[in-house]
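In: Got a predicted structure plus its sequence, pasted below:
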Amino acid sequence: MPAVRFTRRFSMAHRLIADAGSKCAVPHGHNEFVTVTLEPTAEIDFGGANYTASFERLKARWHGFVDRSLDHAFQLNRADPLLAWFQQHEPHRLNQVLTVDGDPTTEALVIALWRKLEAILSAEGLPFRLAELAIEETPTNTVLTRGLTAAERTWELGAWCDRADFSINDLLPPETWS
Ligand SMILES: Nc1nc2c(c(=O)[nH]1)N=C([C@H](O)[C@H](O)COP(=O)(O)OP(=O)(O)OP(=O)(O)O)CN2
């Protein structure tokens with residue numbers, strides 16, 4: 001069955017602190033692209049609309065999440081001391097701080113976004129399965145996956161990534177998630 005593929009652009013900043021000597025330990029940003037490939041699990045409406053779901057319906061919540069939550073978010077290791085700085089001095093910006101267990105590498109984000117999009121597909125009742133998710137971090141670096149291992153699925157990366165809402169961390173109360 002024909003698959004569909006969507007790309008969305010977002011800007012982000014992060015820093016990687018596990019290797020203290022890395023140039024990436026200093027906050028820096030990228031303009032990234034996230035591309036997802038969705039395969040229908042139901043036939044198209046032959047002779048009618050001739051699709052399983054419209055592009056608009058398929059993209060609405062996912063691209064809403066990318067635009068509202070991912071774009072211009074600062075991605076941090078949840079053990080990063082910069083997080084305490086934001087909590088103390090600029091708590092009103094915590095909705096723009098994405099946190100993960102360990103460093104916010106592109107690999108971690110690919111796994112987190114796979115889980116988020118699966119949650120969205122399920123919550124929206126969309127008859128599609130996620131076949132591939134790729135993040136182009138820079139014009140020369142792309143990370144992608146075509147599925148998650150059991151360890152990647154159960155990794156306590158952040159409860160936010162298994163919810164079909166707009167949250168990107170587990171620091172804020174439920175009333176801010178939608
Ligand atoms: N496995 C990973 N390694 C690195 C990641 C990552 O997400 N996963 N991220 C970074 C940094 O974000 C860094 O900004 C990108 O590093 P680099 O490849 O050096 O980027 P360049 O644009 O300079 O790449 P060139 O192709 O050499 O121009 C580091 N490592």
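Out: Okay, I see it. These figures come from a predicted structure and were not determined experimentally.
In: The closest residue to Leu83 other than its chain neighbours: what secondary structure?
Out: Counting by CB to CB, 6 or more residues apart in numbering, Leu83 lies nearest to Leu76, which is 5.4 Å off, once chain neighbours are set aside. The C-beta positions use only the backbone N, C-alpha and C, and glycine is treated the same way. The local conformation at Leu76, judged by DSSP: H, G, I helix; E, B strand; the rest coil, is strand.
In: got the contact list for stretch 4-12?
Out: 29-38, 55, 58-59, 62-63, 66-67, 70-75, 98, 128 (CB atoms under 8 Å, 6 or more residues apart in numbering).
In: sorry, back to before: specify the beta-bridge partners of the residue nearest to Leu83.
Out: Assessed by DSSP bridges, Leu76 has beta-bridge partners Thr99.
In: Touching, it and His14? I think so.
Out: Yes. The pair Leu76 / His14 is scored as a contact, 7.1 Å apart, by CB atoms under 8 Å.
In: quick one: common contacting residues for these two?
Out: What both Leu76 and His14 touch, as defined by CB under 8 Å, 6+ apart, is the set Pro104.
In: Just the buried residues of stretch 2-11, please?
Out: Residues of stretch 2-11 classed as buried under the neighbour-count rule (16 or more other CB atoms under 10 Å) are Val4, Arg8, Phe10.
In: Tell me the one among those residues nearest to the ligand.
Out: Phe10 (14.4 Å; CB to the nearest ligand atom).
In: got the contact list for the nearest residue to the closest one once chain neighbours are set aside?
Out: Take Phe10 and drop its neighbours on the chain: the residue closest to it by CB to CB, 6+ apart is Asp71, 4.2 Å away. Contact analysis of Asp71 by CB under 8 Å, 6+ apart lists Phe10, Ser11, Met12.
In: Tell me the backbone dihedrals of Asn169, please.
Out: Main-chain dihedrals, Asn169, degrees, to the nearest 10: phi -160, psi 180.
In: Quick check: it vs the ligand, distance?
Out: 19 Å (CB to the nearest ligand atom, to the nearest Å).
In: per-residue confidence at that residue?
Out: pLDDT recorded at Asn169 is 98.
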